[in-house]
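**Q** Would you be able to build a 3D model of this:
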Amino acid sequence: MPSKLFHLTTASFEALSPNVQRGIYHEYYRFVYPMILYMVQDHATTEDIIQNAFMKIIRNVPAADNEGHLRGWMKVVVRNEIYNYFRHHKKNRNVLDIDRVYIREDAQPTSETASLENEIEAKLMAEDLASCLSELKPEYQALIELRWKQELSYREMAAELDTTEEKVKYKLYKAREAMRKKFSKRWRD
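**A** Residues are numbered from 1 along each chain as shown. Take a look at the predicted model:
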């Protein structure tokens, strides 16, 4: 027998009886509460995220063949809402170490006691940095990758690009500034 959540695919939420609406919300609440609380570690924030995600869910219910697809889609909506929360409530958003523009994707948190929030935040930042890097001029992308991915010195970069060290330093400075501006704008918003 399908759960009450599956009623969302058969009719609009507003058209359902108040008892059915209440049942759907309670089942949804029990389904997502533990996951959200585990991520944000705060009951009040969990409640806010549950309600925001629920509003998005009832407005955009997909045509699902089975309850498994519906629940999977709900998890994605909730996960995105959690990411949005972390993105918008980041402390010290405007602080950026200009010399460490590139975060390695394979890097692990340095402290064993790093909170889950910090891990998620670091992953979001890494995704945004990669996105910002892809928006730069190809010349700037190449310089940043040579410096931080391949860890070449200025002299090695100049030899590779057949130019002078001064030009490499100047263009790398411009590349870091462009990257910093793009990244700061995203995390300030």
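
**Q** now the helix or strand bottoming out on mean pLDDT in the chain, how far from the chain's geometric center?
**A** Sorting the helices and strands of the chain by mean pLDDT, DSSP states H and E puts helix 116-135 at the bottom, at a mean of 73. The chain centre lies 7 Å from the centre of helix 116-135; the measure is Cα atoms, centre = their mean, to the nearest Å.

**Q** Beyond it, next helix or strand please.
**A** Counting by DSSP states H and E, the element after helix 116-135 in chain order, helix or strand, is helix 138-144.

**Q** quick one: the most centrally placed residue in the chain from Phe183, how far?
**A** Geometric centre of the chain, nearest residue: Leu124, 3.9 Å, by Cα atoms, centre = their mean. Taking Cβ to Cβ, to the nearest Å as the measure, Leu124 and Phe183 are separated by 12 Å. Placement of C-beta: from N, CA and C, glycine included.

**Q** Check Ala64 too.
**A** Here the criterion is Cβ to Cβ. By it, Ala64 lies 37 Å from Phe183.

**Q** which ones are touching His69?
**A** Going by Cβ atoms under 8 Å, 6 or more residues apart in numbering, His69 touches Pro62.

**Q** wait, what's in contact with Tyr83?
**A** 120, 124.

**Q** Could you tell me the angle between the helix or strand containing it and helix 116-135?
**A** Applying DSSP H and E as the criterion places Tyr83 in helix 67-88. On the basis of axes from the mean of the first three to the mean of the last three Cα atoms, to 10 degrees, helix 67-88 is oriented at 80 degrees to helix 116-135.

**Q** Just the element for Leu37, please.
**A** Judged by DSSP H and E, Leu37 forms part of helix 18-40.

**Q** chain center to that helix: distance?
**A** Taking mean C-alpha positions (Cα atoms, centre = their mean), helix 18-40 and its chain are 23 Å apart.

**Q** Please apply the same query to stretch 53-73.
**A** Relative to the chain's own centre, stretch 53-73 is displaced by 21 Å; criterion: Cα atoms, centre = their mean.

**Q** for the chain, which spans come out with low pLDDT?
**A** Applying pLDDT under 70 to the chain flags residues 1-2, 6-7, 10, 90-118, 187-189.

**Q** Now Met157. Its backbone dihedrals?
**A** Dihedral pair for Met157: phi -60, psi -40, per degrees, to the nearest 10.

**Q** can you check the one 4 residues further on too?
**A** When quoted as degrees, to the nearest 10, the phi and psi of Leu161 stand at phi -100, psi 0.

**Q** List the contacts of it.
**A** Counting by Cβ under 8 Å, 6+ apart, Leu161 makes contact with 142, 146, 168.

**Q** number of nearby residues for Asp48?
**A** By other Cβ atoms under 10 Å, the residues close to Asp48 number 15.

**Q** Any buried residues in the helix or strand where it lies, and which?
**A** Assigned by DSSP H and E, Asp48 belongs to helix 43-59. Neighbour counts over helix 43-59 (16 or more other Cβ atoms under 10 Å) mark 45-46, 49-50, 53-54, 57-58 as buried.

**Q** Since that was my last question, I'll sign off now.
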